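1. output the structure for:
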Amino acid sequence: MDCSEKRAAIIRATVQLVSENGFHGAPMAMVAERAGVAAGTIYRYFENKDALIGATYSELDDRLRARALDGYPEQGTPREKFFHLARVLVDWWTSSPMEFRFVEQFHNSPYGVAFRKEMLLGKQSNLCRDIFSEAQEHKAVRDLPTPVLIALALGPLIYISRDHNLGFIALDDDMLEQAIDGCWKAVAI
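-> Alright, predicted model coming up:
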């Protein structure tokens, strides 16, 4: 296994173990065993567990961002941009349930606080925040803080995706379109 394969195996093992057992149930020795590398090998790539968790999240976020930008309607309306992003998110959440569980745990843990703060309030461009900022400029959505708009518009889609993954509902294209439309209507003027 070359260096890039070892790093990829470590990231993959981290996603699997965290999604199965949570952050505390994924010690470095267990990650190394699952990745098929020596325990000390992890430290060649990641300074500590916090760095490993952060790098794992960043890699998943980069993959998702690339998917979201593929076919993104740059010249579209905020509604068209939101629909595109929502479809991509739900597709990823339902087609990659382990990654989805990892990301959910990350966002709901101390690891995710700094990221969420930057995503919701930061200066760096963020696709979701940018869509709602543009929508507010065009008076297309309610005059609410951006974190509230994001929660109202994406929160239900997270639950729907989770329920689909758990087998509680069978999400099809028509249901997804209706759900996305309902989420947009929750914030639209």
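2. can you give me the buried ones in the helix or strand bottoming out on mean pLDDT in the chain?
-> Sorting the helices and strands of the chain by mean pLDDT, DSSP states H and E puts helix 110-121 at the bottom, at a mean of 82. Residues of helix 110-121 classed as buried: 111-112, 115, 119-120 (neighbour count, 16 or more other C-beta atoms under 10 Å). All C-beta atoms are positioned from the backbone trio N, CA, C, and that covers glycine.
3. next SSE downstream of it?
-> As assigned by DSSP states H and E, the chain's next helix or strand after helix 110-121 is helix 127-137.
4. so which elements touch that next one?
-> Other helices and strands packing on helix 127-137, by 3 or more C-beta pairs under 8 Å, 6 or more residues apart in numbering; DSSP states H and E, are helix 49-69, helix 78-95, helix 110-121, helix 146-165.
5. residues in contact with the third one: which ones?
-> This points to helix 110-121. 23, 50, 53-54, 57, 106-107, 124, 126, 128-129, 146-147, 150 (C-beta atoms under 8 Å, 6 or more residues apart in numbering).
6. can you state the direction angle for that helix and helix 146-165?
-> 130 degrees (axes from the mean of the first three to the mean of the last three C-alpha atoms, to 10 degrees).
7. mean pLDDT for the helices and strands packed on helix 127-137: which is lowest?
-> Mean pLDDT across those is lowest at helix 110-121; the value there is a mean of 82.
8. any idea how far it is from the chain center?
-> Relative to the centre of its chain, helix 110-121 is centred 12 Å away, using C-alpha atoms, centre = their mean, to the nearest Å.
9. can I get that helix as CSV, trimmed to CA atoms?
-> C-alpha atoms of helix 110-121 as CSV (Å, rounded to 0.1, in the frame of the first residue of the first chain):
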residue,chain,number,x,y,z
PRO,A,110,-17.4,19.8,20.0
TYR,A,111,-15.4,19.0,16.8
GLY,A,112,-18.0,20.7,14.7
VAL,A,113,-18.6,23.9,16.7
ALA,A,114,-15.8,25.9,14.9
PHE,A,115,-16.8,24.6,11.5
ARG,A,116,-20.5,25.4,12.1
LYS,A,117,-19.7,28.9,13.3
GLU,A,118,-17.6,29.6,10.2
MET,A,119,-20.3,28.0,7.9
LEU,A,120,-23.1,30.0,9.4
LEU,A,121,-21.4,33.3,10.4
